[in-house]
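>>> sequence first, predicted coordinates after that:
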Amino acid sequence: MPGHSKTIRDVSRALPALVPADPELAAPVSAELLDVYTKGLCRHYDELFPVIDWAGQTFAEAIERRDPEENPDPDREGAAALEQAEVYFKHRKDRLGHSRDACAEAGAPPSHTVFEALDRLDHLYTWIIATMQDVRWSVLIAEGLKANVECPGRRSFASSAEWLGALRED
């Protein structure tokens, strides 16, 4: 298995386990606990950022160093691992939305720093999800291009109209 493919697969599989556990994201039930909750969210961001940053850089390097002649995901485990990790982070991102609603229900004014802390975490999750999607699509597109070269008899289409036209020809 090529090194870049193994890196993508391994980092994707390991990333959820490396991520620090969420602080108790069930939002505080009272306005008095909002400051404590906000500090926990900020601490979580500070613990989470280096892990997410490392993963993003590792993915970028793996794609950059990929040999165009090699199959980017020979066992098809890299794309699947990326997709599973995306689902994990989307779930965590959704939980932040529920926490935001709970903070508002607990009486947090819109200007409270808890919302800024929630936004920072949300942006971090959005970034790693987008990075994993980019890497996954890079792998899948490279796989498709390689398959096209290996099987020149296969046809590819630039648009749905072209595809429909080919169906009528056959």
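Thanks, I have it.
>>> please make it C-alpha for all contacts and neighbour counts, starting now.
Fine.
>>> got the phi/psi numbers for residue 91?
Main-chain torsions, residue 91, degrees, to the nearest 10: phi -60, psi -40.
>>> quick one: residues contacting residue 86.
Shown in contact with residue 86 (CA atoms under 8 Å, 6 or more residues apart in numbering): 129, 132-133.
>>> give me that answer again for 10 Å
Counting by CA atoms under 10 Å, 6 or more residues apart in numbering, residue 86 makes contact with 12, 16, 80, 92, 125-126, 128-133, 136.
>>> so which of these are in helices?
12, 16, 80, 92, 125-126, 128-133, 136 (DSSP state H).
>>> what subset of those is buried?
For these, burial is judged from neighbour counts taken by 16 or more other CA atoms under 10 Å, and it is met by 12, 16, 80, 92, 125, 128-129, 131-133, 136.
>>> output those in a markdown table; the columns should cover distance to residue 33 and pLDDT.
Below are those laid out as a markdown table (distance: CA to CA, whole Å; pLDDT from 0 to 100):
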| residue | distance to residue 33 | pLDDT |
| --- | --- | --- |
| 12 | 35 | 82 |
| 16 | 28 | 83 |
| 80 | 40 | 83 |
| 92 | 22 | 90 |
| 125 | 25 | 93 |
| 128 | 30 | 90 |
| 129 | 30 | 92 |
| 131 | 34 | 88 |
| 132 | 35 | 85 |
| 133 | 37 | 88 |
| 136 | 40 | 83 |
